[in-house]
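Need a 3D model of the sequence below.
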Amino acid sequence: MNPKIIDAQENSIHSLLHIIPLQNSLEEHLLLKAAQFAIQLQTTLLKNSISYAQSVSGSLILKTTLKNTLETLTQYTEADEGSIFLIDEDGLIMESILARGPVTRDLKDTVISKVIDDGLAGWALRHRQIGIIHDAMTDDRWIQLPNQPYKARSAIALPLIYGINAIGIITLTHSQANHFDETIAMMMQYSMESITAIIVNAQLHAEYRPLDF
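Alright, predicted model coming up:
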């Protein structure tokens, strides 16, 4: 056999042997990094949840939990804006916080209906998986709403699944494209069940302890 061919094959094998461990090392590093962030995120949310259960009365605990969950996720992902919707078994909105802030009831209903029907939030709910938009300019799952008070070039949507039921959706946005990377997506994936459990617990607390005397 031609020695040059043998050398070329050996060099190719050696290259592969160097590349594969490096790829595995990078993947393991990403997984470890995401897991560490997820633990920190869940610990923060759980501590706050316990604090609210002891200090916030009645139905306010649900609103407080939703607000804190959104603020904490925004902080950990360095997102610009965020929104959260809770839905009932019929898909009707029970509670919501919009990224655009307080609006009239009619406008809120219009915005939510649009993103649930045609946008990333609806896509994530239907597929029951995290949805990422790297560039909103080229992804038809992103809905540019009239008079939107913030700029969104990238987004991530986290469906809240409890048992077999979808109970809500959290959407985070950033003004720059490609902001939400694989590490953020894995951190959110690892934390999805804990986030959902904390919100469900707040719902039950609000339902069964509507007023404290």
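
which regions of the protein lie under the pLDDT threshold?
1-26, 99-109, 146-147, 149, 209-213 (pLDDT under 70).

Strands along that one, start to end?
81-87, 93-97, 131-133, 154-162, 165-174 (DSSP state E).

Same list (the ones you listed) but as JSON lines, adding distance to Phe37 and mean neighbour count.
Placement of C-beta: from N, CA and C, glycine included. Listed next are the strands of the chain as JSON lines, based on distance: least, CB to CB, whole Å; neighbours: other CB atoms under 10 Å:
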{"stretch": "strand 81-87", "distance to Phe37": "17", "mean neighbour count": "22"}
{"stretch": "strand 93-97", "distance to Phe37": "23", "mean neighbour count": "16"}
{"stretch": "strand 131-133", "distance to Phe37": "16", "mean neighbour count": "23"}
{"stretch": "strand 154-162", "distance to Phe37": "14", "mean neighbour count": "22"}
{"stretch": "strand 165-174", "distance to Phe37": "14", "mean neighbour count": "23"}
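
May I see those organised as JSON lines, with distance to Leu62 added?
What follows is the strands of the chain, written out as JSON lines (distance: least, CB to CB, whole Å):
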{"stretch": "strand 81-87", "distance to Leu62": "8"}
{"stretch": "strand 93-97", "distance to Leu62": "6"}
{"stretch": "strand 131-133", "distance to Leu62": "25"}
{"stretch": "strand 154-162", "distance to Leu62": "13"}
{"stretch": "strand 165-174", "distance to Leu62": "11"}
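
Would you map the helices across this protein?
Remark: helices assigned in the chain by DSSP state H are 3-55, 60-77, 105-118, 120-127, 182-208.

Would you mind pulling up the elements that the last one packs against?
It stands for helix 182-208. In terms of contacts (3 or more CB pairs under 8 Å, 6 or more residues apart in numbering; DSSP states H and E), helix 182-208 is packed against helix 3-55, helix 60-77, strand 154-162, strand 165-174.
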